[in-house]
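Show me how the following folds:
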Amino acid sequence: MIWKNWAGTVSADPARVYRPRSADAIAAAVREAAAAGLTVRALGSGHSFTPAAATSGAALDLSGWTGLVTADVRSGLVTVRSGTTLRELNAALDMLGLAMANLGDIDVQTISGAISTGTHGTGARLGGIATQVAALDLVLADGSAVSCSARERPDLFTAARVGLGALGVISAVTLACVPAFTLAADERPMPVDEVIARFGEFAADNDHFEFYWFPYGRNALVKRNNSVSPGGRPPGDPPHGGTARPPITPLDPPHGGTARPPITSLDPPPMPRWRRFWEYEVMENAAFGALCRTGRAVPKTIRPLNRLAAATLSRRAYSAPSYRVFVTPRRVRFVESEYAVPRESVLDVLAELRGAVPRLADPVMFPVEVRVAAADDIWLSTAYARDTAYVAIHQYVGLPYQEYFRLFESIAAAVGGRPHWGKMHTRNAEHLALLYPRFADFLRVRDETDPERVFANPYLEQVFGR
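Here you go, the predicted model:
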């Protein structure tokens, strides 16, 4: 079996492939592989751009280990098997009247892969997906099954929530969910200079804010998503700069139905199905994909095509269940690098990037994405102990990207930027130890749980040093 990641930039040929369908089978596979002297890596959906899951040893394909284990609607605690994709999870939660408080814009990742690499959405008062984890079940290198939480084995819990699979194989994840909620979405083109000038305002005044800057165009695509109902906001946070509301209380779905409040006449209406198909499938995927293929075939057209993409952005305002607003179909393949920078430094990073990109020998087809997140306490989270802005750069597959990515990495590194664990970068353990105050604590927990490096691979050797 030849395994490849989504972008086609990483491949591996595992010596063995296990397809466990129970926690006991995961443990048995780890024991058997370790006894044979093989390293072990769990496979998710392959959406990481780094070789985090690649192995020449034993690969654990968790695609048959999916679904909810337990769900307590009153508390919002839901336990899900580790191979479950975010798409499957969102659908299951919606049927229970529950939701994730925050998500990224792609839902093909498994829940275990998403948390292990630090996947995040956007929201100045919200953290990444790993901050929504209440407990983990893991299989350690000796095949033993353990559970951890803030109260039970807290160091293991704090390390494993963003652990890159270095501490064990996650078999189940318990999530702290919120009542299902509706988001009012506002997506519109705006002059990029205005977006940058109002960055602090937009980040503070919206539950979820991000923008896409097209390097050769005048406009950015600005996305502002705000909760119609309170489930998507952190307890006590004031919406849109208003007065703080009471903390969220558990909510049971009426008569087994959804707990989401109905959309009112004050909210933008749902987007018609035809319009959604036109905007996201035709324009953002089919048409943009055609522009990208043209640019790859004739590179001198990339700058005008990028300007055309920025000039044809449309305004959209609609209401929908939160997970349908968070997630956008992505069918145009790309490579990506992303850095988390201190929020107070992001405008300087963008200014340098805007000045340097037009001078690159190889032009850039894809837009740059900018998001925000709150500080958290997870040792290897890119938002550990600091309010964060994320800057993600992309290039269409098959186009040169190395000079662009090196340039961006140097700009982000100058302000203490931390690379996303699942996206392309060149940082090693020597650099990363300076960026994460609890890096040594993570290595200590790794030594305790996997002294023989059963879960090692070359990428982990790069980022952890041993």
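
for the chain, which spans come out with low pLDDT?
229-266 (pLDDT under 70).

If we use 90, what do you get?
Applying pLDDT under 90 to the chain flags residues 1, 9, 228-268, 329-330, 466.

what helix or strand does the residue nearest the centre of it sit in?
When CA atoms, centre = their mean is applied to the chain, the residue found nearest the centroid is residue 119 (2.5 Å). Using DSSP states H and E, residue 119 is not contained in any helix or strand.

give me every residue that touches it.
Contacts for residue 119 (CB atoms under 8 Å, 6 or more residues apart in numbering) come out as 104, 109, 113, 128, 129, 130, 422. The C-beta positions use only the backbone N, C-alpha and C, and glycine is treated the same way.

Would you mind listing the buried residues in stretch 355-373?
357, 363, 364, 365, 366, 367, 368, 369, 370, 371, 372, 373 (16 or more other CB atoms under 10 Å).

ok, now stretch 172-190?
Applying a neighbour-count criterion of 16+ other CB under 10 Å, one finds 172-175, 177-187, 189-190 buried in stretch 172-190.

How about stretch 452-462?
Buried, per 16+ other CB under 10 Å, within stretch 452-462: 453, 454, 455, 456, 457, 459, 460, 462.

In contact with the closest residue to the first one other than its chain neighbours, which residues are there?
Going back to what we said before, that points to residue 453. Nearest residue to residue 453, sequence neighbours excluded (CB to CB, 6 or more residues apart in numbering): residue 39, at 7.2 Å. Shown in contact with residue 39 (CB under 8 Å, 6+ apart): 33, 55, 56, 57, 58, 453, 454, 455, 456, 457.

cutoff 6 Å now
55, 57, 456 (CB atoms under 6 Å, 6 or more residues apart in numbering).

Rebuild the residues you listed as CSV, extending it with secondary structure.
Compiled in CSV, the contacts of residue 39 are given as follows (DSSP: H, G, I helix; E, B strand; the rest coil):
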residue, secondary structure
55, coil
57, coil
456, coil
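
Closest one to residue 336 out of the residues you listed, please.
residue 55 (22.0 Å; CB to CB).

Now that closest one: closest residue in space that isn't a chain neighbour?
Residue 55's closest residue in space is residue 41 (CB to CB, 6+ apart), at 3.9 Å.

Compute the distance between the one you found and residue 14, please.
8 Å (CB to CB, to the nearest Å).

Near the residue nearest to residue 55, how many other residues are there?
28 (other CB atoms under 10 Å).

can I assume it sits in a helix?
No - counting by three-state DSSP, residue 41 is not found in a helix; it is strand.

residues in contact with residue 315?
By CB under 6 Å, 6+ apart, the neighbours of residue 315 are residue 188.

Backbone dihedrals for it, please?
phi -90, psi 140 (degrees, to the nearest 10).

Surely residue 80 forms part of a strand?
Yes - counting by three-state DSSP, residue 80 is part of a strand.

That one and residue 68 touch, don't they?
Yes - using CB atoms under 6 Å, residue 80 makes contact with residue 68 at a distance of 5.4 Å.

Strands of the stretch 201-350 of the chain, residue ranges please.
For the stretch 201-350 of the chain, the strands defined by DSSP state E, counting those that start in this stretch cover 208-213, 219-227, 316-321, 334-342.

Pipe those strands into TSV and attach mean neighbour count and distance to residue 349 per row.
Shown next, in TSV, are those (neighbours: other CB atoms under 10 Å; distance: least, CB to CB, whole Å):
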stretch	mean neighbour count	distance to residue 349
strand 208-213	24	12
strand 219-227	22	15
strand 316-321	19	28
strand 334-342	23	6
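
May I see the ones you listed arranged in TSV, with distance to residue 433 as well?
Formatted as TSV, those follow (distance: least, CB to CB, whole Å):
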stretch	distance to residue 433
strand 208-213	30
strand 219-227	35
strand 316-321	42
strand 334-342	16
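
Which one's more surrounded, residue 80 and residue 68?
residue 80 (23 against 17).

Enumerate the beta-bridge partners assigned to the more buried one.
residue 68, residue 173 (DSSP bridges).

and what of residue 396?
residue 334.

contacting residues around it?
292, 334, 365, 366.

returning to that earlier point: cross the buried residues of stretch 172-190 against strands and list the overlap.
172-175, 178-179, 182-187, 189-190 (DSSP state E).

Rebuild the residues you listed as JSON lines, extending it with distance to residue 385.
Listed next are these as JSON lines, based on distance: CB to CB, whole Å:
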{"residue": "172", "distance to residue 385": "28"}
{"residue": "173", "distance to residue 385": "23"}
{"residue": "174", "distance to residue 385": "24"}
{"residue": "175", "distance to residue 385": "23"}
{"residue": "178", "distance to residue 385": "24"}
{"residue": "179", "distance to residue 385": "29"}
{"residue": "182", "distance to residue 385": "33"}
{"residue": "183", "distance to residue 385": "29"}
{"residue": "184", "distance to residue 385": "32"}
{"residue": "185", "distance to residue 385": "31"}
{"residue": "186", "distance to residue 385": "32"}
{"residue": "187", "distance to residue 385": "32"}
{"residue": "189", "distance to residue 385": "35"}
{"residue": "190", "distance to residue 385": "32"}
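
any idea which of those is closest to residue 51?
residue 173 (23.1 Å).

what about that closest one, distance to residue 442?
19 Å.

how many neighbours does residue 94 have?
Residues near residue 94, counting by other CB under 10 Å: 18.
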